[in-house]
Each structure stands twice: as structure tokens, then as C-alpha cells.
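Asker: Structure for this input, please:
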Amino acid sequence: MAEQQQQQQAEQQCGGDDEVLEVECALDMPAAVQRQDSLYRDASRAGGGSHHGQERWGKTLRLAFQCVGVLYGDIGTSPLYVYSSTFTAGVRHTDDLLGVLSLIIYSFILFTMVKYVYIALRANDDGDGGTFALYSLISRHAKVSLVPNQQAEDELHILEQMEQDDPKSFSRRRGLATLQLGSPAAQRAQRVKELLETSRPVRISLFLLTILATAMVISDACLTPAISVLSAVGGLKEKAPHLTTDQIVWITVAILVALFAVQRFGTDKVGYFFAPVVILWLLLIGGVGVYNLVKHDIGVLRAFNPKYIADYFRRNKKDAWVSLGGILLCFTGTEALFADLGYFSIRSIQLSFGFGLVPSVLLAYAGQAAFLRKYPEEVANTFYRSTPTALFWPTFVLAIAASIIGSQAMISCAFATISHSQALGCFPRVKILHTSKQYQGQLYIPEVNFLLGFAACVVTVAFKTTVVIGEAHGICVVLVMLITTLLLTVVMLLVWKVNAWWVALFFTVFMASESVYLSSVLYKFLHGGYIPVAMSAVLVAVMVVWHYVHVKRYKYELERTVTPDKVRELLDGRELRKVPGVGLFYTDLVQGIPPVFPHLIEKIPSIHAVLLFVSVKHLPVPHVDMSERFLFRQVEPKEHKLYRCVARYGYRDPLEEAKDFVANLVERLQYYIRDVNLYGVDVDAKAGKVSYPSSRCDSMARSSTRAATMMQMYSASYKESLALGRARSSSATGRMMQLGMNPSASYTERQDGRGRSIYAEEMMTPAESFSELAYYPSGRYAASSQQLFQAAKMSLEEMAKIEEEQRYIEREMEKGVVYIMGENEVVVRPHSSLLKKVIVNYVYAFLRKNCRQGHKVLSIPRSHLLKVGMSYEI
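Answerer: Below is the predicted model:
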């Protein structure tokens, strides 16, 4: 009975963690585990939760209003060109309109509503969507990253160590873990996880599929403006028949140039203007649809009967299959809807989608079908011909505005996708500007914006009509949908642990239907489908080359990390000149000291009074709280004031300016100095064991004897004191809301006969002094005056030492900060293959030379920059 209560208690404590942590909680892992270095394990974890939890209806309605303008511009403008792209050879039989309308209705409902709005939106990564977010979500539950910067000993190594330490206890705990993981869905998830982690071809395939979808989204960002604006401008021919096709094209190009030129100003100032425009547009096309239904043929509503789909294919056979390439344009923009989820809540999207977009768009398609039943010869310009004459100019103006807004959504989606890719090491460094201080996700990338605008203008001038551009547009849409289906299937098996039959049904229905659409657009590959394929092939090649060399370079540094003995030898074996000030030595490594450090010491035998090895690390999560951003570890020997620091960011977090970054870093360093001196970290250097937390909710670390004793004396009162003190810290507010009286999860305790413990590595906010316990009056938590005096005396003694060390950091900070960066040249070994030489020595070198340098990305002032050159042969 006691064991069942302990098990329930452990499950409540660790309910929100991943499966690895569930096993660890169930197995009650020991305090000290064999570790090469525990900092990189902590560096790979961050707290925080989804910001899309329960919300009030007022906020839901406000977000629903806003998301209409941001998300539905592309989907809402599809009625401009769907029928003209479907019936490229004209309408042969009026009943074909019923078949096409039925296909539009059920394709729209199946793919846009069922798949994306009610399934894919729930597969978000802490509130962010898109293919890269799906990949990040999978990375959170399985080690699929090709970059070894998240290496932590897996469960097998931990279990082996436990078995060596205590075989009897290990056997009992293993049975408990088996009970927890005994369900078929959990076992299936474990098998999927093992496959992803152990099979390198599977991990590479998953990565390639993700970057292919990313490349397709970027390509779509230049095709969507071209087809949307060209379709809207084409309506001018109704009032000015003398306009030639070339003149329409150049008017479109002028609008596209203006559209891409204003990107640098951002969209926050006109964000609230988008929603009213799109709402007016949806009301207009819905009203015109009702007008056409009543005036021409309300009988087209029979298309809700799916038998007309079968009749359409039986009557037209191959031509019906080919026409699917035009029908799929009715659900373009779904990838932007999924990717831009981070700005809104799921409920707000579902509300605005179901009650705003769906009725308007389906009425527009039904009204156009009713018009074409009476005037089939007008299919080339259905939208404007079916619009009442009195409403032409309002419709034309709204069409231009809605097409620009829809294009803006795809451009913003491309910027966000590239930002995510760069954060995870899959895209060359480019300048990313945040155009709004209020809205964090609004980005602008000058180089990418220029290339997208140039490509959109070239496509418009080269093909002149929406038919060919639509065929190119379609292949982007359907390929991204196919890859999303594959990634969602993995999420269902690995993360959600859905019943196998439901997973099989989802995979079969969507993979089969999307494959049919893909085959249709590939049939017209030479008519325009090659455009996005060629563009995506170039982007994929760039991303693969960059990521390949990034991984190779990291592994090279990892294999040549400087050992602690070597560091001690470098610092103590020669006369080093102490340079006043603080040095920030930037490195990609989170596992140790980079090989460029001894290279620097050998060439320039000097070292800063305070030196920090800083690793800027992007985790596969959208955001990392500031309270959890910095992790520190002091490097021996301590008298040299060397520290290792990992600055953790989510892929949506902007990098601060250098001045702000240093201020935050030094502030957190002082907290670390305070914590580690107050509580200490039990390190057995000879055994190579480091006490560290196995999870944020269940500390397995050992503290020093003093801290353990103090925690036994004042467990409850200190917990309340710590919570009260941290409630005053703004950096811990979010965590406090989540965890109640334990606001930052940095203080954890466990009573199991071995005492209570605190681990300083996780202390991200300043710990309150033990002397504050004296403020708690008598009661069941009150201690004797002698105990409180001893606590205060110990605190004063410790604080004197801490204060002196903190002042030393401040004094050196005032003397100046120098940023040290390794300017490492990467070349292949002499006897490598020709392909490898071309990739590394020429392609990668070209990209690295023509893209942003590291100090520019980090906004480091050139006057304080010191570069250290070194060659890596990979």
C-alpha cells in the first residue's frame, strides 16, 4: 500500500515530463550517476508550457477577429482562380460543374478543416505550428537531431550504472517501470522511439523531409503573391478591354515590388487593418455567392451529394484526374495557417474558421458554379463576370487588398520558417530583424525578402497567366501536405500514443488522397511544376551543405575538447599575464573547452581576469524563459575565474543586443556565485561523479552536508520563504503560476532517508538568505533561537565571501568586455573524395563568405571584437 502511494505521488510530481523522465521517476534513480559533464544535459532542457491553455471567451473572440486578417487571406482569395485553373480547356458538360463543386466542397472540408484545423493544430510545439515545429516536437521525445550538441546519456547507460551500484534495488524498480510502460500504445511509442534513435537512415530521412517541406514553403512565398495579385489585377480587363496581357503583367509587377519593398516596415502598424479588410472580403464573396445561387441555379447545392464526384470521373476519366491539379488550389494557404499558429489560440482559429471562412468560401464556389451553369463560356474569368456590375469596383479594390494580405501571410511564414531553420543550424546566417517590439514573431530578413521579390517578379513576367503559375503553386501545396501527414503520423505514434487503428485510418485516408492530387500535378510537371521543384532543390542543397558541415565541425571540436588536466596545465604551467576586464569566449560546444582556447594561449600568453566560455544554444522549443536562459559551471582551478556558460534560446526567441546580453549574463552569473557558495555542489572528481538533477520535478542531487542539515531543520518554513521571496522576482512569475508555491522549479526536495537536497546548477533566480527564516513567527515550523542564530551566523559568513566575489565580477565588468570568437576555417582532408572537396572547400566556403558573420548575428561591436583563427580538417 505504501509503495502504491509513493508511486502515485511520483506520478503527480512528474506528470508533465517526457517518457524518459517518467521512467526516471519510476525507477527512483540514484543521486550520483557517471557523467562526463552534466552541463549539456541541463542545457538541453527548458521549462515552460504552452500558452494555448484555457482562455476567456473575450480574448478568444478578439483573437478570432485578428486571425481572420492574418491567416485567411490566401485561402479566402482562392475563388479568384480555382475554376479558371480547373477548366483550362473550357466546360464540356454543365454537369461537370456539379462534380467539380462537390470535389471542392469535400476536399476543402477533408484537408483544411479535418486535417489542419481539428488535427494538425493540436500537434503544435508549445503553441507553434509548421513542419519545423513538428520536427522539433518529435525531437523533444526522441533524439533525432543530427547535431550531437544534445548528447546526454540515454536510459540504457543510466540503467546499467544503476544495476552496477545496487542490483537488488534495480531489479525491483525495473518491474515498477515495466508496469508504467506496459500498455500497447506506450510499448509502440517506445519501439518508434528506438527506431528513430538507432537508425541513422531514418533520422536522415526525417530531416530531409523536414527541410524539403521548408524549402517548398519558401518557394510558395514567391508563387502565392504572383498568382494572387495577377488574378486580382486581371479584373481590370472587365472595365478596360484594351489592356493587353503584358500591361496587366507589368501592373502586377509594380504591385509586387511595392509589396516586398514595404516589408522592412513590418506589419504591426497595419495589423488591425488586415482583419476588417478580409472580413469585408469574405462577406462580399459570400453575398455574391448567395446572389448567384438565387439568380442563376440554386440547384447546384446538389453537389453536397458525393455521387456527382463519381459521375464526373466516369464521364471525363483521365481529364477529370488531370483537373485535380486546379481543384487543389481551393485549399492553398493551409500551410501558412498551421505555421502562424503561434500568434493565436487553437480555439480562436477553429471559431473563426468554422463560422467565418467556411460559409463564405463555400458560398462563393457554389455561386460561381451556378453562374457557369448558365454561362459556361465565361469560365476563364469567372470571378469578375459573376460579380454584379454595381459591385465591380468595390470588389476589385477588396480583391487587390485581400490578395496582398494573403501574400503577406506567406511571406511572413517564409521569414519565420527561415528563422527557425537558422536557429537549429539548418540555414546559413542571415540578418533577422524584429520589426515590432510588441509582437515578437514579426520578422524581416532583407536578403531573403529581395530574393523572394525578385523570384515573384520573374515568375510573373515569364508565365503571364495564372494557369501555369497555379500548376507550380499546386505542387508546393500538395508536397507540404504529404510531408505534414508523415510527420503527424509519427507524432500520433510517439507523442500522442493514439490507438493503432486510428493512426492507420488517418495515414491511409490522407496519404492516399494526397497522393492522387500529387500524381495529378506531376502530370503537368513540364508545364510549370518544375518551377518550385527547381527552387526547392537549390534551397535543399544549400541547407544540406550547411547542416552537413555544421555537424562535421561540431564533431571535430567535440572530439578535441580540452580536458580539465590540460586546462590546469595551460593555466598553471606558464606565466600568464592577467588582462583586466571580462572576456566572453564564444563557442558552439556545450560539452567542454574548445580546441581553439589552447591555440589562443599558446600564441598570446594572457587571459582575462574573468573569462566565460559562452555557448549560444537554440533548443527545439519555441521559447525559453529568461529565468532559465543561463546555465553556469566553474572551470578548475577556481582562482583563475573561468566559467562555462550556456545561453539557451527557443527558435522564436530573438537574440539581444550585445550590451543587454552581457548585462543579463553577469546578473545571472552573480546569482550562480551566490547559490553555489551557499549550497555547494557535491563533486567527486576522482570518481568523475557530479550531482545533478535527473528531472526538474524530482531532484536526485546531493548537496553539501551543511545544506542538507539546514534543509532538514527548516524544510517547510524555508520552502515558504523561498517561494515568497521569488514571488517578488518578475523573472520567476510564469513558473510560479505553473508550480504554485514552488515558482521556478529550481528548488526541489526529496525526503527518502537520505535528507533533502538543493542543486545549484538549476538555481536560476537568487536564493533568499537563510537568515530570512527569522521572520517567520512561532508555530509548527518555528525553530529554536539557537538554531536561527546558527543559521544567521552561517549566512553572514557565507555572504561575506559571496559579496566579495560578486564585487570582483562587477569591478572587472566596469573595466570593459572583450568578445572573443573563433574564426575557424573548415577544409577537407587531403585524401578526401572530390565530392566532399567541392561541398566543403567551395560550396560551403562560398556560403560562409557571402552570408552574415557570427559577430554580426550576435550584434557584437567591432571595437570590442577579437577573432582567433584556426583551421579544421574534417
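Asker: Quick check: beta-bridge partners of the closest residue to residue 829 other than its chain neighbours?
Answerer: What sits nearest to residue 829 in space, not counting adjacent residues and going by C-beta to C-beta, 6 or more residues apart in numbering, is residue 873, at 5.0 Å. From N, CA and C alone the C-beta is placed, and that goes for glycine too. When assigned by DSSP bridges, residue 873 has beta-bridge partners residue 827.
Asker: Now for residue 873, how many residues are close by?
Answerer: Other residues within reach of residue 873, judged by other C-beta atoms under 10 Å, total 12.
Asker: same thing with residue 355?
Answerer: The tally of other residues near residue 355 (other C-beta under 10 Å) stands at 11.
Asker: before we move on, what about residue 833?
Answerer: Neighbour count of residue 833, defined by other C-beta under 10 Å: 9.
Asker: Check residue 113 too.
Answerer: Neighbouring residues of residue 113 were enumerated by other C-beta under 10 Å; the total is 18.
Asker: again, but for residue 284
Answerer: 19.
Asker: tell me which element it is part of?
Answerer: Per DSSP states H and E: residue 284 is located in helix 271-295.
Asker: Same question for residue 552.
Answerer: Secondary structure from DSSP H and E places residue 552 in helix 530-559.
Asker: confidence score at the residue nearest to residue 829?
Answerer: Residue 873 carries a pLDDT score of 82 in this model.
Asker: Report the contact partners of it.
Answerer: By C-beta atoms under 8 Å, 6 or more residues apart in numbering, residue 873 lies in contact with 556, 827, 828, 829.
Asker: What's the separation between the first one and residue 615?
Answerer: The spacing between residue 556 and residue 615, counted by C-beta to C-beta, to the nearest Å, is 16 Å.
Asker: of these two, who's got more company?
Answerer: Neighbour comparison, residue 556 and residue 615: the larger count goes to residue 615, with 23 against 15 (by other C-beta under 10 Å).
Asker: Pretty sure that one sits against residue 643.
Answerer: No: because the distance of 11.6 Å does not satisfy C-beta atoms under 8 Å, residue 615 is recorded as not touching residue 643.
Asker: Output the below-cut-off pLDDT ranges for the stretch 251-400 of the chain.
Answerer: 266-272, 341-343 (pLDDT under 70).
Asker: which residues in it form helices?
Answerer: When secondary structure is read from DSSP state H, counting those that start in this stretch, the stretch 251-400 of the chain shows helices at 271-295, 307-316, 318-322, 324-327, 334-339, 346-352, 358-374, 382-385, 392-423.
Asker: Using PDB, write down the CA coordinates of the third one.
Answerer: Read it as helix 318-322. What follows is helix 318-322, C-alpha atoms only, in PDB (Å, rounded to 0.1, in the frame of the first residue of the first chain):
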ATOM      1  CA  LYS A 318      -8.200  11.000 -67.400                       C
ATOM      2  CA  ASP A 319      -9.300  14.600 -67.900                       C
ATOM      3  CA  ALA A 320     -11.000  14.600 -64.500                       C
ATOM      4  CA  TRP A 321      -7.900  13.200 -62.900                       C
ATOM      5  CA  VAL A 322      -5.800  16.000 -64.500                       C
END
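Asker: what packs against that helix?
Answerer: Taking 3 or more C-beta pairs under 8 Å, 6 or more residues apart in numbering; DSSP states H and E as contact, the helices and strands that helix 318-322 lies on are helix 307-316, helix 500-523.
Asker: Packing partners of the shortest one?
Answerer: Under the contact criterion of 3+ C-beta pairs under 8 Å, 6+ apart, the helices and strands touching helix 307-316 comprise helix 95-107, helix 318-322.
Asker: Now do the buried residues in the helix holding residue 284.
Answerer: 271, 274-275, 277-279, 281-282, 284-289, 291-293 (16 or more other C-beta atoms under 10 Å).
Asker: can you check stretch 805-819 too?
Answerer: When neighbours are counted by 16+ other C-beta under 10 Å, the buried residues of stretch 805-819 are found to be 806, 809, 812, 813, 817, 819.
Asker: if we take those, which one ends up nearest to residue 592?
Answerer: Nearest to residue 592 among the buried residues of stretch 805-819, counting by C-beta to C-beta, is residue 819 at 20.4 Å.
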